[in-house]
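Colleague: Sequence plus predicted model, see below.
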Amino acid sequence: MYDFANSAFPTLIVTVAYSVYFKTIVAGGGGRGDFLWGASLSIAMILSVTVTPPLSAIADRRNARKRFLILFAYLCVLATALLGNVTAGMIFAGMALFIIATAAFESSLIFYNSFLPDVSTPKTIGKVSGWGWGLGYLGGLLCLFLVKPLLAGGFSTDNLPLFRMSFVAVAAFYGLFTLPVIFWLRENKTKSTISNGYGAFAELWNTLKDTRKTPGALRFLVAFFLYNDGIVTVISFSSIYAVSTLKFSMGEVLGLFIMVQVSAGVGAFALGYLVDAWGPRKTILLTLVNWCVVVIVAYFTDTKYVFLGVSLLAGLSLGSSQSASRALMASYIPEEKSAQSFSFYGICGKMSSVLGPLVFGGVSALTGEQRSAILSVLVFFVAGGVLLWLTPEPRKSALPNRNT
């Protein structure tokens with residue numbers, strides 16, 4: 001249910017609605033708008049990376065993963081609701097609120113992902129992770145339908161207040177469907193030897209050293225760092241690219257991403273079962289081949305219908321690649337350090353999220369067009385795929401059974 005709730009934020013705020021609103025209305029459009037949007041994403045990821053590692057150690061020590069999850073979830077809800085007050089020219093406020101919301105959202109995922117081994121078994125971890133991502137896309141799809149009347153009028157003067165109201169609606173959706181976490185999520189108690197004060201930082205360092213001892217774990221994290229860079233960049237700039245380069249109307253963008261949500265949900269459900277049958281590493285490699293095809297076709301196309309087709313193809317890999325990555329990471333972690341181990345997984349994802357949007361925004365600002373920027377994403381998929389290809393399969397016994 002938390003996947004169902006939180007997907008409204010990346011779908012409507014990061015991808016479909018606020019991204020285009022910020023570039024077009026708040027920042028005034030152009031390559032400058034791309035750069036400011038990319039910078040906002042990068043700053044948010046740096047902030048999350050700074051905050052979550054020590055808190056994850058504290059969460060493992062005090063069995064406080066659920067409390068931190070709820071804290072960051074509702075901080076994101078609050079900041080998202082306040083985006084409804086951001087109007088043309090309010091660049092600082094628009095960036096600051098988005099940075100806070102995104103950093104809180106990403107931080108909540110660290111603690112949420114650490115529950116995956118608690119609610120699954122070694123044989124079902126791919127399916128459970130896939131169902132989570134799949135339900136997430138259903139949540140994003142439902143929220144898209146709910147706010148579509150507010151967004152369909154685009155950026156006309158009469159419709160701008162309704163457009164901003166959609167940000168408040170996203171916050172309400174997120175907050176409402178996070179309530180099951182508060183009432184029904186159980187946190188398995190673990191024993192930790194971590195001490196107070198600087199012991200949290202020392203234990204994080206020890207966890208990193210333990211990760212290096214697990215065959216393939218550190219190499220996977222570096223590969224994830226690279227290919228996730230491409231995924232995050234595509235997500236963050238896809239609507240902006242559709243509107244700015246291919247001249248989609250806001251109504252066409254909404255229709256496009258409704259269909260993408262469906263294909264992403266199907267991909268997450270289906271490949272979740274493939275992860276259990278075939279293994280997460282091979283499944284991720286399959287999705288990366290698909291991502292390379294998506295980027296190359298998007299670079300060459302001038303046709304909306306072709307872009308629609310390639311977007312549906314991207315949707316199939318969108319949730320499945322991240323779901324399989326979450327399952328693969330879970331196979332490396334020790335029971336008593338789940339939050340800390342997932343914090344390193346999150347650090348790789350967030351640090352990669354710093355680089356990709358900056359590269360895209362910088363190339364767009366320098367060249368004055370987005371086609372070269374979209375092609376730059378291909379480098380991350382190829383490099384990450386090659387490194388993952390060279391990563392050994394995890395031991396089947398690595399994942400503890402905590403489904404008690």
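Modeller: Looks like it arrived, so ask away.
Colleague: lowest-pLDDT helix or strand in this protein?
Modeller: Among the secondary structure pieces of the chain, namely its helices and strands, helix 199-213 has the lowest mean (mean pLDDT, DSSP states H and E), a mean of 63.
Colleague: now for the very next helix or strand once past that one, which elements pack on it?
Modeller: Tracing the chain past helix 199-213, the next element assigned as helix or strand by DSSP states H and E is helix 217-244. In terms of contacts (3 or more Cβ pairs under 8 Å, 6 or more residues apart in numbering; DSSP states H and E), helix 217-244 is packed against helix 18-21, helix 30-62, helix 199-213, helix 250-278, helix 280-300, helix 304-330, helix 338-367, helix 371-389. The C-beta positions use only the backbone N, C-alpha and C, and glycine is treated the same way.
Colleague: At which residues are the helices of the stretch 51-200 of the chain located?
Modeller: Ranges of helices in the stretch 51-200 of the chain, per DSSP state H, counting those that start in this stretch, are 65-82, 91-113, 125-151, 160-177, 179-184, 199-213.
Colleague: Flag every buried residue along the fifth one.
Modeller: Under the neighbour-count criterion of 16 or more other Cβ atoms under 10 Å, helix 179-184 has Val181 buried.
Colleague: list the helices and strands that helix packs on?
Modeller: Applying 3+ Cβ pairs under 8 Å, 6+ apart, one finds that helix 179-184 contacts helix 2-6, helix 65-82.
Colleague: deepest of the ones you listed, which one?
Modeller: A comparison of those by mean neighbour count, using mean count of other Cβ atoms under 10 Å, puts helix 2-6 on top with a mean of 23.
Colleague: ok now whatever helix or strand comes next after that helix, how far from the chain's centre?
Modeller: Counting by DSSP H and E, the next helix or strand C-terminal to helix 2-6 is helix 8. When C-alpha coordinates are averaged (Cα atoms, centre = their mean, to the nearest Å), helix 8 and its chain have centres 11 Å apart.
Colleague: next one: stretch 322-331
Modeller: That offset, for stretch 322-331, works out to 13 Å (Cα atoms, centre = their mean).
Colleague: Stretch 373-386 now?
Modeller: Relative to where its chain is centred, stretch 373-386 has its mean C-alpha point 17 Å off (Cα atoms, centre = their mean).
Colleague: Any buried residues in that stretch, and which?
Modeller: Residues of stretch 373-386 classed as buried by neighbour count (16+ other Cβ under 10 Å): 373-374, 376-378, 380-385.
Colleague: before we move on, the earlier item: do you know which of the helices of the stretch 51-200 of the chain lies nearest Asp3?
Modeller: With respect to Asp3, and counting by Cβ to Cβ, the nearest of the helices of the stretch 51-200 of the chain is helix 125-151 at 3.6 Å.
Colleague: For the closest one, name the packing helices and strands.
Modeller: Counting contacts by 3+ Cβ pairs under 8 Å, 6+ apart, helix 125-151 packs against helix 2-6, helix 8, helix 160-177, helix 250-278, helix 304-330.
Colleague: Mean pLDDT for the ones you listed - can I get that in a markdown table?
Modeller: Formatted as a markdown table, the helices and strands packed on helix 125-151 follow (pLDDT from 0 to 100):
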| stretch | mean pLDDT |
| --- | --- |
| helix 2-6 | 92 |
| helix 8 | 93 |
| helix 160-177 | 96 |
| helix 250-278 | 80 |
| helix 304-330 | 82 |
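Colleague: For those helices, give me JSON lines that also has distance to Ile284.
Modeller: Rendered in JSON lines, the data for the helices and strands packed on helix 125-151 read as follows (distance: least, Cβ to Cβ, whole Å):
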{"stretch": "helix 2-6", "distance to Ile284": "19"}
{"stretch": "helix 8", "distance to Ile284": "26"}
{"stretch": "helix 160-177", "distance to Ile284": "28"}
{"stretch": "helix 250-278", "distance to Ile284": "9"}
{"stretch": "helix 304-330", "distance to Ile284": "5"}
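Colleague: Out of the ones you listed, which one sits most buried?
Modeller: Looking across these with neighbours counted as mean count of other Cβ under 10 Å, the highest average goes to helix 8: a mean of 28.
Colleague: Check which helices and strands it is in contact with.
Modeller: In this structure, helix 8 makes packing contacts with helix 125-151, helix 160-177, judged by 3+ Cβ pairs under 8 Å, 6+ apart.
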